[in-house]
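# generate coordinates for the sequence data below:
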Amino acid sequence: MPFCVQCGNRVGDSDIYCGKCGARQPAGAPSSPRPDPMAGISGRNAALLCYIPMVGWIAAIVVLASERFRRDSDVRFHAFQGLYLFVAWLMVEWVVSPVLYISDGAFPLHTLFRHLLQLAIFAAWIFMIVKVSHGEKYKLPVIGELAERSVSEQRS
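Numbers count the residues shown, from 1 in each chain. So this is what the prediction gives:
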């Protein structure tokens, strides 16, 4: 939806004058829809991008917002699962690590445990990259259930 050239108020596509200030609006071509950033990418590559460690969440959000993959439940599953893996990483960094640090005291076991959790999540990212590159749909134990539920909720 365009805005008034004079006052910045929202105006309709076919409005000749602004409803707020009365300024005449330039006659222009109707605005064209924005191009889909995922238009030239295959479903497998889009799913692979969702599992790139630390930045795959960006691709997952783009895939979920993309019109091209709106009806592709497999790609959406991988986008949700990649997004939930990143959330698990954040939970380790922002919740588990500080709690372990406070409760551990002088003996730094929290660092070892935190690194083991991070390694497990990183291994899950790599494992999923391999599975998706082979065209397999693999459901991770807890995160996969959440992803499947998210996809099914969007279908209904």
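# list the buried residues of the host helix or strand of residue 57.
Here residue 57, judged by DSSP states H and E, is contained in helix 56-65. Neighbour counts over helix 56-65 (16 or more other Cβ atoms under 10 Å) mark 56, 57, 59, 60, 62, 63, 64 as buried. C-beta here means a position set from N, CA and C on the backbone, and glycine is covered the same way.
# could you point out the longest helix of this protein?
Criterion DSSP state H: the longest helix present in the chain is helix 109-133.
# which other helices and strands contact that one?
Applying 3 or more Cβ pairs under 8 Å, 6 or more residues apart in numbering; DSSP states H and E, one finds that helix 109-133 contacts helix 43-49, helix 73-91, helix 97-104.
# nearest to residue 121, of those helices?
Smallest distance to residue 121 across the helices and strands packed on helix 109-133 (Cβ to Cβ): 5.1 Å, for helix 73-91.
# count of neighbours near residue 6?
Number of residues near residue 6 (other Cβ atoms under 10 Å) recorded here: 13.
# so it, which of the three states?
Following DSSP: H, G, I helix; E, B strand; the rest coil, the label given to residue 6 is coil.
# for it, which non-adjacent residue is spatially closest?
Counting by Cβ to Cβ, 6 or more residues apart in numbering, residue 6 lies nearest to residue 23, which is 3.5 Å off, once chain neighbours are set aside.
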